[in-house]
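Student: A structural model of the following input is requested.
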Amino acid sequence: MAGQKVILVGVDGSAEANMALDWAAARAKEDGSLVHVVCTYALASYSAAALDGGYAALDDDALQQGAQKAVDHGLERLRSHGLTEVTGTTEPGDATSVLVQLSEEVDLIVVGSRGGGGIADRLLGTVSSALPAHAKCPVVVVPRHTSGSPFWPIKRIVAGVDGSRTAHTALEKAVDEAALWGAQVDAIAAVPIATGAGMLSWVPTTIDRERLYKEMEEELAAACAKVVGDRDVTVKRHIIDGSPAELLTEFSTAVDLVVVGTRGRGGFAGLLLGSTSQIVLTHSTCPVMTVPSSRGSESDSVSTPWERR
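Tutor: Now for the predicted structure:
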């Protein structure tokens, strides 16, 4: 187990969770990651337990058993893809809180874009930015898929770039994924038409746009060259007028994965902490990967669910 990469899949028994499982299985085959399946369940409230501890215990048991069925189904589906390195657990508590906590111990989290009132619904509902904003590892949200080719293998990846450190980290991750899958990367910098701001969001609206484009192109070219290094990855650069959210959504129809940071200068990365996150995550027609700027300070090793076999 030491040093093995772990992909965590949040499930709830829904068709959307199945899509997340299938995507995670395809991704695990590329680098040999272990895939760990988690289903959360809510404990009975304190007031209910106080009124009748017996009934509360029965309710908890029923909820846990339902969660276990979702986990068992997930493991069976992963094995149907030929995976053998798979584990699963049920975890009491709120779905988003559990996943955020476990994100400190895994390399990637995958969830469906909608579910049975569970993980993804909460992710895209009242706490829409909680998981992408606070997870310590990249998070992939897999949208509903009803027809056409599956979301894998990944051949084309788009990365939103706005000049921030977090967007640079997202670009690095996009290139890493491209190297893994043998894919091409499209690095996109948006220039909102009304403001003349993009990668250089501090620039006044009166600045010469031709000079702005030249500076942005130079900065984007340097960033791409630094990230790629000597790897055999093709990165195409685009500087486009328009809204970051609209551009991401539009490109999602032609690519296999959208990669953005969780914080930025109000451009691509900044979206995912604001109201526009709903547009990106709910309207993208391909999976969206959000990448934190760093995993934060390293904490002491703890017992993780996939080690409780």
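
Student: what about residue 209, how many residues close to it?
Tutor: 14 (other C-beta atoms under 10 Å). (Glycine included, C-beta is placed from N, CA and C.)

Student: try residue 102
Tutor: By the measure other C-beta under 10 Å, the count of residues near residue 102 is 23.

Student: Next: the one 10 residues further on.
Tutor: Residues lying near residue 112 (other C-beta under 10 Å) number 30.

Student: ditto for residue 76
Tutor: 12.

Student: got it, and residue 80?
Tutor: By the criterion of other C-beta under 10 Å, residue 80 has 11 neighbours.

Student: Looking at it now. What's its pLDDT?
Tutor: Residue 80 carries a pLDDT value of 98.

Student: so how far is residue 86 from it?
Tutor: 11 Å (C-beta to C-beta, to the nearest Å).

Student: Which of the residues in whichever helix or strand residue 61 is part of are classified as buried?
Tutor: For residue 61, the element it lies in under DSSP states H and E is helix 53-80. Buried residues in helix 53-80, defined by neighbour count with 16 or more other C-beta atoms under 10 Å: 56, 59-60, 63-64, 67, 70-71, 73-75, 77-78.

Student: Among these, find me the one that's closest to residue 218.
Tutor: For those, the minimum distance to residue 218 (C-beta to C-beta) is 45.3 Å, reached by residue 78.

Student: Quick one: the helices in the stretch 51-200 of the chain, in order.
Tutor: 53-80, 95-102, 119-123, 130-134, 165-181 (DSSP state H, counting those that start in this stretch).

Student: per-residue confidence averaged over the second one?
Tutor: Which is helix 95-102. 91.

Student: Summarise which helices and strands it is packed against.
Tutor: Judged by 3 or more C-beta pairs under 8 Å, 6 or more residues apart in numbering; DSSP states H and E, the packing partners of helix 95-102 are strand 6-10, strand 34-41, strand 108-112, helix 119-123, helix 130-134.

Student: tell me the angle that helix makes with strand 34-41.
Tutor: 140 degrees (axes from the mean of the first three to the mean of the last three C-alpha atoms, to 10 degrees).

Student: Just the CA trace of helix 95-102, in PDB.
Tutor: What follows is helix 95-102, C-alpha atoms only, in PDB (Å, rounded to 0.1, in the frame of the first residue of the first chain):
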ATOM      1  CA  ALA A  95     -21.300  13.700   2.300                       C
ATOM      2  CA  THR A  96     -19.300  16.800   1.500                       C
ATOM      3  CA  SER A  97     -17.700  17.000   5.000                       C
ATOM      4  CA  VAL A  98     -16.600  13.300   4.800                       C
ATOM      5  CA  LEU A  99     -15.100  13.700   1.300                       C
ATOM      6  CA  VAL A 100     -13.300  16.900   2.200                       C
ATOM      7  CA  GLN A 101     -11.700  15.100   5.200                       C
ATOM      8  CA  LEU A 102     -10.700  12.100   3.100                       C
END
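
Student: buried ones in it?
Tutor: Result for helix 95-102 [16+ other C-beta under 10 Å]: buried residues 95, 96, 97, 98, 99, 100, 102.

Student: Distance to residue 230 for these - can I get that in TSV?
Tutor: Shown next, in TSV, are those (distance: C-beta to C-beta, whole Å):
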residue	distance to residue 230
95	41
96	39
97	41
98	40
99	36
100	36
102	35
